[in-house]
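Asker: I would like to see how this sequence folds:
(chains A and B)
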Number of protein chains: 2
Amino acid sequence: MRIIESVKEMQEYSEALRNTEHRIAFVPTMGYLHEGHLSLMREGRSRGDCLTISIYVNPTQFGPSEDLSSYPRDFEKDRKLCESVGADVILFPPDREMYPENYQTYVDVEGVTRNLCGLSRPGHFRGVATVCAKLFNIVKPHVSFFGKKDYQQLVTIKRMVKDLNMDMEVVGLPTVREKDGLAMSSRNTYLKPEERESALSLSRSLKKAKQMYDGGERNAARIIEEVTGYIKSFPHTRIDYVQICDTDTMKDMDALKSEAVIALAVRVGKARLIDNYVFGEPLSIP
Amino acid sequence: MRIIESVKEMQEYSEALRNTEHRIAFVPTMGYLHEGHLSLMREGRSRGDCLTISIYVNPTQFGPSEDLSSYPRDFEKDRKLCESVGADVILFPPDREMYPENYQTYVDVEGVTRNLCGLSRPGHFRGVATVCAKLFNIVKPHVSFFGKKDYQQLVTIKRMVKDLNMDMEVVGLPTVREKDGLAMSSRNTYLKPEERESALSLSRSLKKAKQMYDGGERNAARIIEEVTGYIKSFPHTRIDYVQICDTDTMKDMDALKSEAVIALAVRVGKARLIDNYVFGEPLSIP
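Answerer: The predicted structure is shown next:
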């Protein structure tokens, strides 16, 4: 397994692979890898001749008061995990490679980023789209993998790839959960022991939403009210949003007619956690 | 010579060429080709195994009160000109291929687009950067050619390609002029006979600026004053801007220390004409 820090070296490596008809699978990450990332990596391994993982905590997707400096990092552990799934390359670029002096270009996906996390984290998706555009141009993948846990991010990247005619496939894979239902996230490490139970309010409230939907409820406001009340009944929780949106446009829905997702962002202690459920899909939460 | 309207067909064609080690040269245009375009195409012909020309009047780079609908078009003539220089492909996409329903992604190059035409044509460079990002992803060139007549556009594209790590070369080529000095432009067709002489005020004023510079003048304000007065002495002219900028940042300069460009935008009748001169370079104007 090769570790590449240089943009130019990565591009030359990928170009040589493409010129010899190899298929490049790519999993972009911010590191501190968990089972969610590993599921993306295993799928990538099975669908590419070359599997590249990027590990880069992208500063442009963090707001000024967010957790850029405290975001968890453990490259040595990540390296071993990448090796364990048979990755070929880790792209591990320093900031000066990604955003050198006088950097000034940004990719803005408009519609789908304006709701949900786009409201509570201004500039976040601009940073995400920009770094992904850069990483795609550096790694030159045929196929890239993203988790559905970051649902709005997945929709944003799919939209950007389609709109900018990037000639690659974007695959979204199911959220991986702890046994008790908590969605895997590098930010779960911020949870204090007494907050861990409260963090379950997210996944359990999604289960409630699913039960209401399966029972025939199609009124978004009633589902949101139930979910909100449930989460608030847990200590240490502070709701950022509970919304039901069209899965394509990310716009709020009143009645659940077309495909809909319920998306949550909740602060539990100093962790800001997100989770979501696409109505009609399976959901295994105890 | 092949004419391709479909994004997917163009991508497959280019991918097949790249996989067989062909070098793709690309000249993006809005059509109504003139000798300026042809000089780019000839250079592209000599530097690529495959020469692709795109002809697309890009709506997102026109402001609401600009000349999108009246912009001159003559595909049959353009086709013959492309054939005459030995182009392999014309990419000639309809709007629905480039901006289908729900299109919502834009590329914003910040610093270098904020001055000059960025002030008088809000959103113009966003449209230019976006369509070029799309065309680069569709045509997959190794090298692309742009004219220095649109100097700020060239700087913007170079900046985008560098910032977004697009693995290709951007080449700027000298402005091609009519015998009397007028910079070639598709928009020269808007000039009425009585305005044609006034249009010469742009190139001739640049010659004056060069003479002052060659005589030792390094004060930007004095050169601008001279140029402005000269252009105003012609009927039918309305100055949009006369500015002297750093060639790298496109920021105004007071004293001509680092590399500098004098850039003009002048309305002559209903034509908005631009021209520029990089101090220290040759300039052949009668």
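
Asker: by contact count, what packs against the lowest-mean-pLDDT helix or strand in chain A?
Answerer: Scoring the helices and strands of chain A by mean pLDDT, DSSP states H and E places helix A:117-120 at the bottom, with a mean of 92. Helix A:117-120 sits against helix A:124-139, strand A:237-246, with contacts defined as 3 or more C-beta pairs under 8 Å, 6 or more residues apart in numbering or on different chains; DSSP states H and E. No exception for glycine: its C-beta is placed from N, CA and C like everyone else's.

Asker: Could you single out the most deeply buried of these?
Answerer: Comparing those on average neighbours per residue, with mean count of other C-beta atoms under 10 Å in any protein chain shown, the densest one is helix A:124-139 at a mean of 24.

Asker: and the angle from that one to helix B:124-139?
Answerer: 40 degrees (axes from the mean of the first three to the mean of the last three C-alpha atoms, to 10 degrees).

Asker: and helix A:124-139, anywhere near chain B?
Answerer: Yes - against chain B, helix A:124-139 shows contacts by C-beta under 8 Å from any C-beta of the partner chain at A:A129, A:T130, A:A133, A:K134, A:N137, A:I138.

Asker: residue contacts, the spatially most central residue of chain A?
Answerer: Residue closest to the mean C-alpha point of chain A, counted by C-alpha atoms, centre = their mean, is A:D150 at 3.4 Å. A:D150 makes contact with A:I274, according to C-beta atoms under 8 Å, 6 or more residues apart in numbering or on different chains.

Asker: count of neighbours near the residue lying closest to A:N115 once chain neighbours are set aside?
Answerer: Closest residue in space to A:N115, ignoring its immediate chain neighbours: A:M250 at 5.0 Å, by C-beta to C-beta, 6 or more residues apart in numbering or on different chains. When neighbours are counted by other C-beta atoms under 10 Å in any protein chain shown, A:M250 registers 23.

Asker: Can you give me the buried ones in the least confident helix or strand of chain A?
Answerer: For helix A:117-120, the neighbour count (16 or more other C-beta atoms under 10 Å in any protein chain shown) marks A:C117, A:G118 as buried.

Asker: CA atoms of that helix as PDB?
Answerer: Extracted C-alpha coordinates of helix A:117-120, given in PDB (Å, rounded to 0.1, in the frame of the first residue of the first chain):
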ATOM      1  CA  CYS A 117     -27.300  21.600   7.300                       C
ATOM      2  CA  GLY A 118     -27.000  24.300   4.700                       C
ATOM      3  CA  LEU A 119     -28.900  26.600   7.000                       C
ATOM      4  CA  SER A 120     -27.100  25.700  10.200                       C
END
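
Asker: can you list the residues of the stretch 51-200 of chain A near chain B?
Answerer: A:102-112, A:129-130, A:133-134, A:137-138, A:140, A:159-160, A:163-167.

Asker: Now, those that are in helices?
Answerer: A:A129, A:T130, A:A133, A:K134, A:N137, A:I138, A:R159, A:M160, A:D163 (DSSP state H).

Asker: Hmm, A:D108 and the last one touching each other?
Answerer: No - taking C-beta atoms under 8 Å as the contact criterion, A:D163 and A:D108 are not neighbours in contact, 10.6 Å apart.

Asker: ok, the closest residue to chain B within the stretch 1-150 of chain A to A:R121 distance?
Answerer: For the stretch 1-150 of chain A and chain B, the shortest gap (C-beta to the nearest C-beta) falls at A:T105, measuring 3.5 Å. The gap separating A:T105 from A:R121 is 20 Å, by C-beta to C-beta, to the nearest Å.

Asker: Neighbours of A:S69, how many?
Answerer: 8.

Asker: hmm, I was thinking of A:E259
Answerer: 14.

Asker: Let me see the confidence value for it.
Answerer: If you check A:E259, the pLDDT there is 95.

Asker: How about the contacts made by the residue nearest to it when sequence neighbours are not counted?
Answerer: Nearest non-adjacent residue to A:E259, counting by C-beta to C-beta, 6+ apart: A:T247, 4.5 Å away. Taking C-beta under 8 Å, 6+ apart, we find A:T247 in contact with A:Y151, A:V155, A:S258, A:E259, A:A260, A:V261, A:V278.

Asker: Next, A:L51: phi, psi?
Answerer: phi -110, psi 120 (degrees, to the nearest 10).

Asker: where does it land on pLDDT?
Answerer: A:L51 is given a pLDDT of 98.

Asker: Can you give the distance of stretch A:189-206 from its chain's centre?
Answerer: 19 Å (C-alpha atoms, centre = their mean, to the nearest Å).

Asker: What's the ChimeraX line that selects buried ones from the residues of the stretch 51-200 of chain A next to chain B?
Answerer: To isolate the buried ones among these in ChimeraX, judged by 16+ other C-beta under 10 Å, type:
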select /A:103,104,105,106,107,108,109,111,112,129,130,133,134,137,138,140,159,160,163,164,165,166,167
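
Asker: ok, how many other residues are close to A:E225?
Answerer: Neighbour tally, A:E225, other C-beta under 10 Å: 12.

Asker: so where does it fall, helix or strand?
Answerer: helix A:220-232 (DSSP states H and E).

Asker: same thing with A:T52?
Answerer: strand A:50-55.

Asker: continuing past that strand, what's the next helix or strand?
Answerer: helix A:75-84.

Asker: List the buried residues for that next one?
Answerer: Buried, per 16+ other C-beta under 10 Å, within helix A:75-84: A:D78, A:R79, A:L81, A:C82.

Asker: I'd like the average pLDDT over the following helix or strand past that helix.
Answerer: Going down the chain from helix A:75-84, the next helix or strand is strand A:89-91, by DSSP H and E. Taken as a whole, strand A:89-91 has an average pLDDT of 98.

Asker: Centre of the chain to stretch A:132-147, how far?
Answerer: So, by C-alpha atoms, centre = their mean, the centroid of stretch A:132-147 is 14 Å from its chain's centroid.

Asker: before we move on, the earlier item: how about the helices and strands packed on helix A:117-120 in CSV, adding distance to A:F145 and mean pLDDT?
Answerer: As requested, the helices and strands packed on helix A:117-120 are arranged in CSV below (distance: least, C-beta to C-beta, whole Å; pLDDT from 0 to 100):
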stretch, distance to A:F145, mean pLDDT
helix A:124-139, 12, 98
strand A:237-246, 23, 97
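
Asker: Enumerate every residue touching A:K134.
Answerer: A:M98, B:D163, B:L164, B:N165.

Asker: Mind picking the two most distant members of the residues you listed?
Answerer: Pairwise distances across those (C-beta to C-beta) peak at 10.9 Å, for the pair A:M98 and B:L164.

Asker: Can you spell out the domain ranges of chain A, please?
Answerer: Under the assignment automatic domain parsing, the domains of chain A span A:2-173, A:186-277.

Asker: Can you name the residues in contact with the least confident helix or strand of chain A?
Answerer: A:H124, A:F125, A:Q152, A:D240, A:Y241, A:A265, A:I274.
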